[in-house]
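Q: the following comprises the amino acid sequence and a computationally predicted model.
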Amino acid sequence: MGNLINNIVEAYGGLDRWNQFTKLRVTLISSGRLFDLRGFPQDPTPREMSIYLHEQRESLQSFGGPRH
């Protein structure tokens, strides 16, 4: 890691602290034309997104309309 990354990680508890966590979970309201263009109409419904910190994986619950 570069010096900037090292400084940031250390400022927030160090690499050992980072490794204690596996997932970040947020509630969000998504919008935008990109979702509509891809066939996922958007509305103001809150959705739950989970981001796995040590894997290339995420999940999004209640995404799109009832057919999704």
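A: Nice, thanks for sending it over.
Q: which residues touch L28?
A: P46, R47, M49 (CB atoms under 8 Å, 6 or more residues apart in numbering). The C-beta positions use only the backbone N, C-alpha and C, and glycine is treated the same way.
Q: how about a cut-off of 10 Å?
A: P46, R47, E48, M49, L60 (CB atoms under 10 Å, 6 or more residues apart in numbering).
Q: distance-wise, check it relative to N3.
A: Applying CB to CB, to the nearest Å, the value for L28 to N3 is 32 Å.
Q: and if you look at E10?
A: From E10 to N3 the distance is 10 Å (CB to CB).
Q: the more surrounded of those two?
A: Between E10 and N3, counting by other CB atoms under 10 Å, E10 is the more crowded of the two (11 against 7).
Q: if I've got this straight, the more buried one is in a helix?
A: Yes. E10 forms part of a helix when assessed by DSSP: H, G, I helix; E, B strand; the rest coil.
Q: quick one, what contacts it?
A: Contacts of E10 (CB under 10 Å, 6+ apart): R17.
Q: the helices in the protein, which residues?
A: 3-11, 14-19, 33-37 (DSSP state H).
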